[in-house]
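Enquirer: A predicted structure for the sequence below; I have some questions about it.
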Amino acid sequence: MKSDNNKHETHNMQESMRCQQIFPGIPGIGSPGQRQPTPPRQERIGPPSQPPSAPPAFTPQLPSEEEQQLFSGPRGFMGSDSRRIFDFRRRTRNLRNCMNRFTYIWLINGSNFWFYPIFVGRNSIEGFRWRRNRWEYDRLLTNRILFHLCF
């Protein structure tokens, strides 16, 4: 009878160790004290929330260095020097600091507007663009952004 209990206990220990390897850190299954697994990334469900109010009532001034890049050459920024455009588009843009903040954006085509970013991805940002006195959901490619200022 004792050997049956030993076999049963040995089987239970082996099963417990196998579960700890398969499900580490899950209470009741994995070993205690181990780090809990991170939950999967939450996808946005439903419409994203709009900014709390209209953007500030002023229009920021584009810094002179950026303005020179925008309007250099006879045809504006998209002038004859394609190497300059390539270098310009590779500039880093840290838009993560602007999450959920009023941000003024200048695009390389000369457009400029208020934007309220709610998601910053690797090559794009998503959020709300101020158009016709209301917020509209929009996605922008970061390589189209000349400059931005967060407020």
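Expert: Yep, that arrived.
Enquirer: where exactly do the strands run in this protein?
Expert: Counting by DSSP state E, the chain has these strands, from start to end: 103-107, 112-120, 124-131, 134-141, 145-150.
Enquirer: Where does the prediction get shaky in this structure?
Expert: 1-47, 69-93 (pLDDT under 70).
Enquirer: 90 - rerun?
Expert: Flagging of the chain using pLDDT under 90 yields the residue ranges 1-50, 63-94.
Enquirer: And the strands of the chain: which comes nearest residue 55?
Expert: The stretch from these with the least distance to residue 55 (C-beta to C-beta) is strand 112-120; that distance is 3.7 Å. No exception for glycine: its C-beta is placed from N, CA and C like everyone else's.
Enquirer: orientation of the closest one relative to strand 134-141 in degrees?
Expert: In this structure, strand 112-120 runs at an angle of 70 degrees to strand 134-141, with axes from the mean of the first three to the mean of the last three C-alpha atoms, to 10 degrees as the basis.
Enquirer: For the residue nearest to residue 129 when sequence neighbours are not counted, give the beta-bridge partners.
Expert: Leaving aside its chain neighbours, residue 129 sits nearest to residue 138 (4.1 Å; criterion: C-beta to C-beta, 6 or more residues apart in numbering). Applying DSSP bridges to residue 138 yields these beta-bridge partners: residue 127.
Enquirer: residues near residue 138, how many?
Expert: 16 (other C-beta atoms under 10 Å).
Enquirer: now residue 58: how far from residue 151?
Expert: Computed as C-beta to C-beta, to the nearest Å, the residue 58 to residue 151 distance reads 9 Å.
Enquirer: how close does the residue nearest to residue 131 when sequence neighbours are not counted sit to residue 120?
Expert: Across the structure, with C-beta to C-beta, 6+ apart as the measure, the residue nearest residue 131 apart from its sequence neighbours is residue 113 (7.3 Å). The gap separating residue 113 from residue 120 is 17 Å, by C-beta to C-beta.
Enquirer: show me what contacts the residue lying closest to residue 130 once chain neighbours are set aside?
Expert: The shortest distance from residue 130 to any residue other than its chain neighbours is 4.0 Å, reached at residue 114 (C-beta to C-beta, 6+ apart). Counting by C-beta atoms under 8 Å, 6 or more residues apart in numbering, residue 114 makes contact with 55, 56, 102, 103, 104, 105, 129, 130.
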